[in-house]
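> Coordinates only, no sequence provided:
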């Protein structure tokens, strides 16, 4: 696991663009797919603003999350979502067939919270290897850095 202090320093550099920040987050935790979403509370949708698989998960794609267990957990209650295995992927995502078809069956979703409001999420998916407590802590720290104006 990489040392987190240099990552935080880089994320807090005001010269970094949003795209550069997400590129850094994408390499901070081992994954098969990294994405970042902007939250639209008025419609309870998330809109993709970063993706390491833009051919399959393009920027600007939206997903409705109103009245979904995942939306309540991550967007409303501001809890991280850690899933292990196909059943957890099916529980969380309407596009579970695509995700599982890519061989991704582990998930870590972290709300990005500014003040008391969720403004987005960062999301890591990968195959077979569950996300550790250390990786979950790192992801929370990355999300906190991204929440800063």
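Structure received. Keep in mind it's a predicted model, so treat the numbers as computed, not measured. Numbers count the residues shown, from 1 in each chain.

> Residues contacting the helix or strand containing residue 89, please?
For residue 89, the element it lies in under DSSP states H and E is helix 86-92. Residues outside helix 86-92 that contact it (CB atoms under 8 Å, 6 or more residues apart in numbering) are 69, 70, 81, 83, 96, 99, 100, 104, 105, 107, 109. Bear in mind the C-beta positions are built from the backbone N, C-alpha and C, glycine included.

> Next, work out how far apart the spatially closest residue to the third one that is not a sequence neighbour and residue 10 are.
Just to be clear, that refers to residue 81. Leaving aside its chain neighbours, residue 81 sits nearest to residue 109 (4.2 Å; criterion: CB to CB, 6 or more residues apart in numbering). Separation of residue 109 from residue 10 (CB to CB, to the nearest Å): 23 Å.

> swap in residue 89?
In terms of CB to CB, residue 89 sits 31 Å off from residue 10.

> coming back round to it: could I have the ChimeraX command that selects the buried members from the contacts of helix 86-92?
Applying 16 or more other CB atoms under 10 Å to those leaves a buried subset, and the ChimeraX line that selects it is:
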select :70,81,83,96,99,104,105,107,109
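
> So which of the contacts of helix 86-92 belong to helices?
Of the positions in the contacts of helix 86-92, 69, 70, 96, 99, 100 sit in helices, assigned by DSSP state H.

> any chance of those in TSV, plus pLDDT and distance to residue 120?
Shown next, in TSV, are the ones in helices among the contacts of helix 86-92 (pLDDT from 0 to 100; distance: CB to CB, whole Å):
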residue	pLDDT	distance to residue 120
69	96	19
70	97	14
96	96	21
99	98	19
100	98	24
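
> Going by distance to residue 31, which of these wins?
The closest of those to residue 31 turns out to be residue 99 (CB to CB; 12.4 Å).

> excluding its backbone neighbours, what's nearest that closest one?
In this structure, residue 99 finds its nearest non-sequential neighbour in residue 89, 5.4 Å apart by CB to CB, 6+ apart.

> Okay, strands next: where are they in the protein?
Assigned by DSSP state E, the strands in the chain fall at 33-40, 45-51, 62-64, 81-84, 106-114, 117-126.

> any chance of the contacts of helix 86-92 in TSV, with distance to residue 27 too?
Converted to TSV, the contacts of helix 86-92 look like this (distance: CB to CB, whole Å):
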residue	distance to residue 27
69	30
70	25
81	21
83	22
96	26
99	21
100	24
104	17
105	21
107	18
109	18
